[in-house]
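In: sequence and predicted structure are below.
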Amino acid sequence: MQRIPGGLVFSGLAEPGARVVLRSDSGPAHAAAADDQGRFEIRVTAPAGDLLLRPETQVGQDAAPAPEWLLIVAGGRGPVAILRAGGATRRLDRAPPLGAVDSDGRMRLVSGRSAPAGAPIDLQAGGESGRVTPDASGRWSLVLTPSVGPDEIRVGGRAFIWPGEGAGRVDSGTQVERAGAGWRVVWSGPAGGRQTTWLPDAG
């Protein structure tokens, strides 16, 4: 992802010649065709507020929605992340050592990206401690026991105060709000279950 004046640019790989679409529940879709190498680039005008987009790949008459959602917070001035039910959120913007905390009330999944890739990271939270080794791209994740919050999560010696799941509901769609030193997103998974994602501030 790249920030440009007035918007954002998303690039990636798909089947050569496929059409890649970022679709919202309301408003226009954003789309681009992949070249003969499968590369594509989609420019998205900065939204007025928060925006949730569903990626979709179209080949001929067949359309394949992705299991993830693309979240753009505060018109692109806040976090930009890929949400996935049951999996770790992946930050696309510049993020701190702790990129996200995902919770469904039964478990918490903490994740982030480190540099250099492969260097072990020590984590502490709620009396638990552990060490995780990032993959080749520097991404890592670790499952923690649930907590009503708030509590402290330490990643590589840096402390973050997770504000908890909050009392938000998803009856009226995805909710995005400031929570502690970050953003809390309450959204619905594919089976309608409540999901909470906390995205710490980069600064």
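Out: Nice, I can see it. Numbering: from 1, shown residues only.

In: any idea how far residue 65 is from the closest residue to residue 39 other than its chain neighbours?
Out: Using Cβ to Cβ, 6 or more residues apart in numbering and skipping residues adjacent in sequence, the residue nearest residue 39 is residue 13, 6.2 Å away. C-betas here are computed from N, CA, C, even on glycine. From residue 13 over to residue 65 the distance is 18 Å, taken as Cβ to Cβ, to the nearest Å.

In: now for the longest strand along the chain, which elements pack on it?
Out: Ranked by number of residues, the top strand in the chain under DSSP state E is strand 51-59. When contacts are defined as 3 or more Cβ pairs under 8 Å, 6 or more residues apart in numbering; DSSP states H and E, strand 51-59 packs onto strand 19-23, strand 62-65, strand 68-72.

In: lowest average confidence across those, which one?
Out: Looking at the helices and strands packed on strand 51-59, the lowest mean pLDDT belongs to strand 62-65 (a mean of 87).

In: which residues touch that strand?
Out: 54, 55, 56, 57, 58 (Cβ atoms under 8 Å, 6 or more residues apart in numbering).

In: which of the residues you listed tops the neighbour count?
Out: Greatest neighbour count in these, by other Cβ atoms under 10 Å, goes to residue 55: 20 neighbours.

In: list the contacts of that residue.
Out: Counted by Cβ under 8 Å, 6+ apart, residue 55 has contacts 20, 21, 22, 23, 65, 66, 68, 70.
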